[in-house]
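Q: Here is a sequence with its predicted model. Questions after.
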Amino acid sequence: YITIKSGLGAALPANVVILPILFEDQVLGVIELASFSRFSDVHLAFIDQFVTTIGVSINTIIANSRTESLLSESQRLTTELRKRSDELQRSNAALEEKAALLATSSQYKSEFLANMSHELRTPLNSLLILAQLLADNPDDRLSDQEVQFAATIHRAGSDLLQLINDILDLSKIEAGRMDVRPKALPLVKLLEYVQATFRPLTLDKGLTFEVTVGENVPSELLSDEQRLQQILRNLLSNAVKFTSSGGVELRVERVPGTKFEDRALRNAETVIAFSVKDTGIGIPP
């Protein structure tokens, strides 16, 4: 099936040699030789060495090709990395500039809040002192209704002062300087504050206001009184604000610490949960 052809003619070979081209036991190709005469041992030895040399040469060509390809890819990646690095440096510079502007703006805002709170506190404290004097009625010159009005003015002024303090607390939170000082807090004292603050508001809107304390709730808590009042005030204020009919309920319950992911809560001897329930329209998520 093999024919040796030339410009003068064609004939069948007398001898054919087929050898694999190997390199480290890997077949890289096959060489096929045909002759009109029988291959001698010298010819076969030469062909065998020649095939080995061809295998080394082919492997070298393949390795060089791979090296050139890897070098080209490495150069491309280096160029791309340099571009990304330049872009990242420009982005970092822009972010640093924005961070500096935000820090300056935050500083100005904190200074403004501090100045405004001082300007508001000074006349408000004077108003609270006068309202307290009227509510005390030391000379019995005021009627019971007038004393009640003075007490209402004092309570509303105190709430306004607390709102000013809350604004300052927000600025402290943004600055990462919020301090929490837990101490013993009688539960009755906390609930009296809640009743005195929100029962008049619910009565004015025609709402019911209930405070429910569950079983086994301790009479004394360990918490920051001001921060806890602030949290409850925010929750109950929203509940009253968005409720036009029905009522608002504050529940105080003891819950098992195993429900929490926080290790401190899980290991706490007693965990108290405050929940607010209302019949209002709610707040969209």
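A: Everything's here; your move.
Q: Helices of the stretch 151-285 of the chain, start to end?
A: 187-204, 225-241, 263-267 (DSSP state H, counting those that start in this stretch).
Q: right, and these - which one's nearest I47?
A: Among the helices of the stretch 151-285 of the chain, helix 263-267 comes nearest to I47, with 78.7 Å by Cβ to Cβ. (Glycine included, C-beta is placed from N, CA and C.)
Q: Can you mark which positions in that closest one are buried?
A: By neighbour count on 16 or more other Cβ atoms under 10 Å, the buried set for helix 263-267 is empty.
Q: which residue ranges form the strands in this protein?
A: Using DSSP state E, the strands assigned to the chain run over residues 4-5, 10-11, 15-23, 26-35, 183-186, 208-213, 220-223, 247-255, 271-278.
Q: so can I have a markdown table of these showing mean pLDDT, distance to G157 and mean neighbour count?
A: Below are those laid out as a markdown table (pLDDT from 0 to 100; distance: least, Cβ to Cβ, whole Å; neighbours: other Cβ atoms under 10 Å):
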| stretch | mean pLDDT | distance to G157 | mean neighbour count |
| --- | --- | --- | --- |
| strand 4-5 | 80 | 116 | 11 |
| strand 10-11 | 86 | 120 | 9 |
| strand 15-23 | 89 | 95 | 15 |
| strand 26-35 | 89 | 92 | 13 |
| strand 183-186 | 93 | 24 | 12 |
| strand 208-213 | 94 | 22 | 14 |
| strand 220-223 | 92 | 25 | 15 |
| strand 247-255 | 94 | 24 | 18 |
| strand 271-278 | 93 | 25 | 16 |
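Q: Would you mind putting those into a markdown table with distance to P123 alongside?
A: Shown next, in a markdown table, are the strands of the chain (distance: least, Cβ to Cβ, whole Å):
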| stretch | distance to P123 |
| --- | --- |
| strand 4-5 | 117 |
| strand 10-11 | 120 |
| strand 15-23 | 96 |
| strand 26-35 | 94 |
| strand 183-186 | 31 |
| strand 208-213 | 32 |
| strand 220-223 | 32 |
| strand 247-255 | 33 |
| strand 271-278 | 33 |
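Q: Out of the ones you listed, flag the one nearest T52.
A: In terms of Cβ to Cβ, the element of the strands of the chain nearest to T52 is strand 15-23, at 7.7 Å.
Q: Check which helices and strands the closest one is in contact with.
A: Judged by 3 or more Cβ pairs under 8 Å, 6 or more residues apart in numbering; DSSP states H and E, the packing partners of strand 15-23 are strand 26-35, helix 41-136.
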